[in-house]
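> Give me the fold of what follows.
(chains A and B)
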Amino acid sequence: MIRLAWRNLLRNRARTALTVGGIGFSVLLVSFAMSLQSGSYEIMIDSATGYFTGHGQISHRDFVDQPRLEHTVTNASNLQARLAQIDGLRVFPRAQAFAVVSLAGGVSEDSSAADPQTGDLQNYDPQSEPSSEKSLGGMVIGVDFSAERSYLDVYENVVAGKVPTEPGQALIGSAMARNLGAQIGDELIVLGSGKQGAVAAAIFVIAGIVETGQVELDRSLLLAPFAELADALYLEDEAHMLVLMVDDLSELTATASSVAELLPEALTVQTWQQLMPMIEQSIELDRAGAVLFYSLLLILVAFAVVNTFVMVLFERTREFGLFMALGMRPGQVIAQVQFEALLLSLLGVALGLLFAYPLITYLTGVGIPLDQMGGEEAIRQMQMGSMERIFPKISWSSVTTAPLVMIVGTQLAALVSTVRVRGIHPVTALRTE
Amino acid sequence: MTHSVPNAGPVSSGQESSVQESSQKDSLVKTPVVVCRGVKRIYQQDSVPVHALRGVDLEIQEGEFVSLAGPSGSGKSTLLNSIGGLDGFDAGTVTVGGTDLGALNSAELAELRLHKIGFVFQAYNLIPVLSAQENVEFILQLQGVPSQQRRERATEALASLGLGDLAHRRPGELSGGQQQRVATARAIVTKPVLLLADEPTANLDSKTTSELLEVLQQLNQQQGMTIVTATHDPIVMGFTSRQVAMLDGEIHQDTGSTG
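Numbers count the residues shown, from 1 in each chain, chains lettered A, B, ... in the order given. The predicted structure follows:
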């Protein structure tokens, strides 16, 4: 069967070469495009989630819809310690609150009212602040600077000063700093409500100015040390969220399941798909477009295969009649021709992968400069932030989808013709020239 | 051209015993291999019914070498195809080796052709991409014969027809006579109960015609193989032991009719 199929393919070498070439080119194109897509999605997701949001977040169920101060993750340090046992998972606690932020112009540097190093407001005298005329509403987020800065990109966008390393230091959004007229080293007074409705107040020294690129965020963001903000908000071993970062994004779903098992009923874990649905939708939209493109390509190849096997049927009607006269059933004749189609598609797939695999592997290592793909406009459209190169990602699905689709597609396309073998009558077929 | 099975000349001791066995068979009551009773076949040609067979009665005994002769359109090929299960019939019965062909579906007919009937066609009909050896092995492969056994039996069949040296050539590298002998080897390698040949010499010159007929005759005489051949060639008829002449879809004359 194999020998007969192989020799039949060699009967018309030019036609076989064309069909194999078409299948091979399609496999190469689709595998490469899928790897590129996969790589770009990963960059997009990494860029979006790795900036500040994280790959996932744990929070109180009510906090998802109503991010109120009292909807907290309790026993946060204990939960964080337990979650840290999960392989490849990093957990960062955060607290957040809306507050009024002002420059503490009236507070002298030697005043004992507040310790600018620790932000301790126990000795803070509200009467002494603020002297600045401007007070701005802001989103104050308590973070673990030393832990987060290694994993989140927002800290790479500090345009002045540095990421806080000492207690009592904060990062302020560039627009907020500008609007307040604040400089590095200035003190900021934060006034808001504590968990129980009491006045929450804290003072921080500006260690750095961050420019996220998002105007709204830059206008209102103030990043402060988690422990100090939590203390100011009267949180007792509580956090508003635990940010999750995984080492391998493809393991996120499994990791999220493991995390969910450890959570009490009141808490929930959300992955980036829920946290940033626009990214997911954008990827899905892009995927749908790609599927349309791949389908069109497949249809073109399918036409070539149908044509090949229409010719095969036309040229070999007599031979098929002979097979049946000798005792082969129509189904066996069809199986023989389908096997030829399989061999044809396997050759095409092998040819395509022969070129695709080394190409993708090479580009996975060196990347493709984005400026060669349309420069900044491309970067902006692909939502890849500051990425300069796109790295295709070779995956099982990117190198198996196209081959499988081509093999199945070739079988179906060939079947369109070969099914007509059933209509062949041996006596009539043997009389054909 | 020479081959290992000689014509009616002196026979070897092995062949002598075969001839003796054949003679002994002749003395026994013969079994009909083919029985046709009132076989009718009507074609529609441009909506006009054509009576290809008009109630044919024919009985062929085991070991007979029968020629179905007649002009074009006499119905000889139609009858041959009906006997071979390649074509249906509209009335009557056809039994081959005791099997009623009318009762079989297409799959069962294919099975019958594969195991019980050997075919030799006018146009050789070898598979062009396979060598002579592979062409002969092909039908054994369809029967599910193991590869080693396939190889041995195909080699033996080709050698018996004087084609041992040409086993690895493809049909395109063989003469018409050689191709027809390969086709004959393919037909006999399964040891069928009936060998059907449809105008097997029509494309051959007189020399290769004689050579092929000698081969068929020896298969008949030495192995007792039942052979039915459709022909309008008097040379072919001369080689057969029984001539059935057909005309207008009926048996016009039968030199050894037992039916």
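
> how far does stretch A:286-296 sit from the chain's center?
Its chain's C-alpha centre and that of stretch A:286-296 lie 19 Å apart, by C-alpha atoms, centre = their mean, to the nearest Å.

> same thing with stretch A:331-351?
Using C-alpha atoms, centre = their mean, the distance from the centre of stretch A:331-351 to the centre of the chain it belongs to is 38 Å.

> Could you pull up the mean pLDDT of it?
Mean pLDDT, stretch A:331-351: 93.

> Which parts of it count as buried, going by neighbours?
Of the residues in stretch A:331-351, those buried by neighbour count under the rule 16 or more other C-beta atoms under 10 Å in any protein chain shown are A:333-349, A:351. For glycine as for every other residue, the C-beta is placed from the backbone atoms N, C-alpha and C.

> From the opening residue of stretch B:222-239 to its closing one, how far?
Terminal residues of stretch B:222-239 lie 14 Å apart, using C-alpha to C-alpha, to the nearest Å.

> now check it, is it near chain A?
No. Against chain A, stretch B:222-239 shows no contacts by C-beta under 8 Å from any C-beta of the partner chain, the least distance being 12.6 Å.

> Work out the gap between that stretch and the centre of the chain.
With C-alpha atoms, centre = their mean as the basis, the distance from the averaged C-alpha position of stretch B:222-239 to the chain average is 8 Å.

> Let me see the mean pLDDT of that stretch.
When pLDDT is averaged along stretch B:222-239, the result is 91.

> Name the residues of that stretch that are buried.
With burial defined by 16+ other C-beta under 10 Å, the residues of stretch B:222-239 counted as buried are B:222, B:225-233, B:236-237, B:239.

> okay, now the closest residue to chain B within the stretch 1-150 of chain A: neighbour count?
Evaluated by C-beta to the nearest C-beta, the stretch 1-150 of chain A has A:Arg7 as its residue closest to chain B, separated by 3.7 Å. In terms of burial, A:Arg7 registers 17 neighbours under the definition other C-beta atoms under 10 Å in any protein chain shown.

> Next up, phi/psi of it, please.
In this entry, A:Arg7 is assigned phi and psi values of phi -70, psi -30 (degrees, to the nearest 10).

> so it makes contact with B:Ser131?
No. A:Arg7 is not in contact with B:Ser131 according to C-beta atoms under 8 Å; the separation is 9.8 Å.

> show me what contacts the residue of the stretch 1-150 of chain B found nearest chain A?
In the stretch 1-150 of chain B, the residue that lies nearest chain A is B:Leu114 (2.5 Å; C-beta to the nearest C-beta). By C-beta atoms under 8 Å, 6 or more residues apart in numbering or on different chains, the residues touching B:Leu114 are A:Leu326, A:Gly327, A:Met328, B:Ile139, B:Leu142, B:Gln143, B:Thr190.

> now swap in B:Gln179 and tell me
When contacts are taken as C-beta under 8 Å, 6+ apart, B:Gln179 is in contact with B:Tyr124, B:Leu126, B:Pro171.

> for the helix or strand containing it, the distance to its chain's centre please.
If you go by DSSP states H and E, B:Gln179 is part of helix B:176-188. Per C-alpha atoms, centre = their mean, the displacement of helix B:176-188 from the mean C-alpha position of its chain is 11 Å.

> Identify the bridge partners of A:Leu242.
Legend: beta-bridge partners of A:Leu242 under DSSP bridges are A:Ile58, A:Pro93.

> Model confidence for it, exactly?
Here the pLDDT value assigned to A:Leu242 is 94.

> so who does it touch?
By C-beta under 8 Å, 6+ apart, the contact list for A:Leu242 reads A:Gln57, A:Ile58, A:Ser59, A:Val73, A:Ala76, A:Leu79, A:Gln80, A:Leu83, A:Val91, A:Phe92, A:Pro93, A:Arg94.

> could those residues be laid out in TSV, adding neighbour count?
As requested, the contacts of A:Leu242 are exported to TSV (neighbours: other C-beta atoms under 10 Å in any protein chain shown):
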residue	neighbour count
A:Gln57	24
A:Ile58	27
A:Ser59	23
A:Val73	26
A:Ala76	24
A:Leu79	22
A:Gln80	18
A:Leu83	20
A:Val91	23
A:Phe92	21
A:Pro93	26
A:Arg94	24
